[in-house]
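Asker: quick one: sequence and predicted model below, then my questions.
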Amino acid sequence: MRKFLGALFLCQLLFFAGCKPKVLTPAQQQAKQERELKNVAKLQMPDFTFTPNSISPEFGITHTLMCMDCNIIVNQKRIEANMPYLGHFYIQPTNFHWDVPIRFVSDKFFYAVTYIQDQNAYNIVIKPQDAGSIMNDNITFNFLIKPDGSGTLSVKSDNRDEVSYDGTIR
């Protein structure tokens, strides 16, 4: 019994020793800080591309995304959105190829950035004024991006259920 308890104690000791947090070298810490500063500059400018890794419909389960061309490109002059959509519609789509995904180009939009200190994240609200389709009426993009580039996007529209994406910026 003592051998068993001794072996159990040794296993726990090895397990917890392997679970300690990774310590970064000064060079790695400096590189991480530089990456975070570049990400923050991209958000404030704006000049970034949000690429989703997963999608969570308002009523449903989360799905992993594997599409290569799914993204939202945001710069000072234009927004290009090409995102998949899972959820319910409040009106019937007329053209399933164009109306079902969140797909449009906007040259006229509202853009606001605020820093949320307790979450260490940036809240970005984008409201396109010329989204072009009745399916995208009053569409609002609400990003919550951390300085490391990871974040979530919540999309609300008058004619669709809300949908959320987890992803990264670059």
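Answerer: Received, thanks.
Asker: for the helix or strand hosting Leu43, what is the distance to the chain centroid?
Answerer: Secondary structure assignment for Leu43, by DSSP states H and E: helix 26-44. When distances are taken as CA atoms, centre = their mean, to the nearest Å, helix 26-44 is centred 18 Å away from the chain's centroid.
Asker: what's the angle from whichever helix or strand comes after it to helix 26-44?
Answerer: Of the helices and strands lying after helix 26-44 in sequence (DSSP H and E), the nearest is strand 47-57. Between the direction of strand 47-57 and that of helix 26-44, the angle (axes from the mean of the first three to the mean of the last three CA atoms, to 10 degrees) works out to 90 degrees.
Asker: quick check: the residue most central in space within the chain vs Pro52, distance?
Answerer: Using CA atoms, centre = their mean, the residue of the chain that lies closest to the mean C-alpha position is Thr152, 3.1 Å off. For Thr152, the distance to Pro52 under the criterion CB to CB, to the nearest Å works out to 9 Å. Bear in mind the C-beta positions are built from the backbone N, C-alpha and C, glycine included.
Asker: thought Ser54 was touching Asp166?
Answerer: Yes - the criterion here is CB atoms under 8 Å, and Ser54 meets it with Asp166 at 4.8 Å.
Asker: low-scoring pLDDT stretches of the protein, where are they?
Answerer: By pLDDT under 70, the low-scoring segments of the chain are 1-22, 24, 88-100, 132-135.
Asker: who's more crowded, Ser54 and Asp166?
Answerer: Set Ser54 next to Asp166 and count neighbours by other CB atoms under 10 Å: Asp166 wins out with 16 against 13.
Asker: tell me what that one is bridged to.
Answerer: Ser54, Thr152 (DSSP bridges).
Asker: now do Phe50
Answerer: Taking DSSP bridges as the rule, Phe50 bridges to Ile72, Ile169.
Asker: make sure Gly60 is actually in contact with Leu86.
Answerer: Yes - under the criterion of CB under 8 Å, Gly60 lies in contact with Leu86, with a separation of 6.3 Å.
Asker: higher neighbour count, these two?
Answerer: Between Gly60 and Leu86, Leu86 has the larger neighbour count (other CB under 10 Å), namely 16 against 13.
Asker: let's verify the more buried one: helix, strand, or coil?
Answerer: When the structure is split into helix, strand and coil by DSSP: H, G, I helix; E, B strand; the rest coil, Leu86 lands in coil.
Asker: that one is in contact with Ser54, isn't it?
Answerer: No - the criterion here is CB under 8 Å, and Leu86 misses it with Ser54 at 10.9 Å.
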